[in-house]
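1. Okay, predicted coordinates and the sequence, questions at the end:
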Amino acid sequence: MSYYTNYSGYYTPPSNFRFFPKGMKFLLLSTIGVFLFQLFLQLGIRVGNIYLYDIFFRLFALWPLGHGFLIWQVITYLFLHGGFFHILFNMLALWFFGVELENVWGTRRFLFFYFLCGAGAAVSNLLLGPLFAPPAPTIGASGAIYGVLIAFGMLFPDAPVFLYFLFPIKAKYLVAIFIAMELFYGVTGTQQGIAHFAHLGGALVGFIYIIMYRKSVPGIEGIKSFFHRTFGNIQSSIQARRTYENKNVITDVNFREMPDGTKPKAGKPGEGDVNQERLDEILDKISASGYDSLTEEEKRILFTASRKLN
């Protein structure tokens, strides 16, 4: 990960920086769209005696385990919000801290990271929340945004952030303050009605992801890279072993005679040159059916190859 700075140490966006990349547009528009749909349902839309908003909220908010929890709620709760200021501050924070990440990471990785942190926040809230507060449904994107905040603070620690748009503070200090506050409020229960452990869970997942990212294991792509390196090394070892064994096989058959009692003719220089793939086919044939199963041409190729190796 490169950290872009100018001579003053201030964050400088990369050359392909965009204020509203694709992933950010999707998150902002979809979240705002769902919020507007919530407002519409809250007008009292109902079918018979059943209010549609109650069904909507029951299905898509994050409910505690044993109190209406459904598996898809670990993602859908991110799009629901409790009021205008709730969604306003969440979307401002998402845009402010997330746009730099998406421009550096790319849309796919950023969206994967966002929903991973959101799901991690949900799991944390489901498991730890009831230990410190009465079970209650949870809505809002704050858990995922705390993951984004952690990532920004770790990747751009000295980037200046203007607290309340007035007081500049380095990102790493702002992140530390926010996490300390969430931990204090979550453990003491002095600020009710806020899912502090969802925030902390999202932050923890973001922290772990960035640690993995710095070790070249970033999410799905990093896992692919890890397996590529691992199995690439195994494949190289197998190939080296096979080359060694092939040479031994060729050495062993170097002194084999043709059916008429003579050794295979090597042919003229450059005649019958063969690549490794063709030679492997011949050696596989020997392993499967023995040397005598080879054709005259295959024996000549093998004999020529053995002379080159010896």
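-> That came in fine, so what should we check first? Computed from a prediction, not measured in an experiment: that's the story for all the values here. Residues are numbered from 1 along each chain as shown.
2. OK, contacts around residue 120?
-> 143, 147, 201, 202, 204, 205 (CB atoms under 8 Å, 6 or more residues apart in numbering). In short, each C-beta sits where N, CA and C put it, glycine included.
3. try it again with 7 Å
-> 201, 202, 204, 205 (CB atoms under 7 Å, 6 or more residues apart in numbering).
4. Please apply the same query to residue 145.
-> 90, 93, 94.
5. Check the gap between the second one and residue 136 for me.
-> In this case it means residue 93. 23 Å (CB to CB, to the nearest Å).
6. repeat for residue 101
-> The value you get for residue 101 to residue 136, if CB to CB is used, is 31 Å.
7. Comparing those two, which shows the higher neighbour count?
-> residue 101 (21 against 16; other CB atoms under 10 Å).
8. and the more buried one, what element?
-> helix 84-105 (DSSP states H and E).
9. So for that helix, what gets flagged as buried?
-> Neighbour counts over helix 84-105 (16 or more other CB atoms under 10 Å) mark 86-87, 90-91, 93-95, 97-105 as buried.
10. Which two of those have the greatest separation?
-> 86 and 104 (28.1 Å; CB to CB).
11. picking that back up, could you identify which of the contacts of residue 120 has the most neighbours?
-> Most surrounded of the contacts of residue 120: other CB under 10 Å gives residue 202, at 34 neighbours.
12. wait, what's in contact with that residue?
-> 117, 118, 120, 121, 143, 144, 146, 147.
13. and with 6 Å instead?
-> The neighbourhood of residue 202, defined by CB atoms under 6 Å, 6 or more residues apart in numbering, consists of 117, 120, 121, 143, 144, 146, 147.
14. Now do the same contact list for the last one.
-> Listed by CB under 6 Å, 6+ apart, the contact partners of residue 147 are 117, 202, 205, 206.
15. Likewise for the fourth one?
-> Residues in contact with residue 143 (CB under 6 Å, 6+ apart) are 118, 121, 198, 199, 202.
16. That one falls within a helix, correct?
-> Yes: assessed with DSSP: H, G, I helix; E, B strand; the rest coil, residue 143 lies in a helix.
17. gap between it and residue 294?
-> The value you get for residue 143 to residue 294, if CB to CB is used, is 67 Å.
18. and if you look at the third one?
-> Relative to residue 294, residue 121 is positioned 65 Å away (CB to CB).
19. So the two - more neighbours on which side?
-> Neighbours per residue, other CB under 10 Å: of residue 121 and residue 294, the larger number sits with residue 121, 34 against 19.
20. Verify the contact between the more buried one and residue 196 for me.
-> No: Residue 121 sits out of contact with residue 196 when judged by CB atoms under 6 Å, with a separation of 10.5 Å.
21. pLDDT score for the closest residue to residue 94 other than its chain neighbours?
-> Computed as CB to CB, 6 or more residues apart in numbering, the closest residue to residue 94 that is not its neighbour in sequence is residue 145, at 5.2 Å. Here, the pLDDT recorded for residue 145 equals 92.
22. Check residue 234 too.
-> The predicted local confidence for residue 234 is 45.
23. For residue 161, which three-state class applies?
-> strand.
24. how far away is it from residue 173?
-> 9 Å.
25. which one of those two has more residues nearby?
-> Neighbour count, other CB under 10 Å: between residue 161 and residue 173, residue 161 has more, with 21 against 14.
26. Now for residue 214, how many residues are close by?
-> For residue 214, using other CB under 10 Å, the count is 12.
27. Give me the number of neighbouring residues for residue 284.
-> 10.
28. Likewise for residue 30?
-> 12.
29. Mind jotting down where the helices sit in this protein?
-> 22-41, 52-60, 73-76, 84-105, 107-132, 142-155, 171-188, 196-214, 219-253, 276-289, 296-309 (DSSP state H).
30. so which of these gets nearest residue 67?
-> Short answer: helix 107-132, nearest of the helices of the chain by CB to CB, at 9.5 Å.
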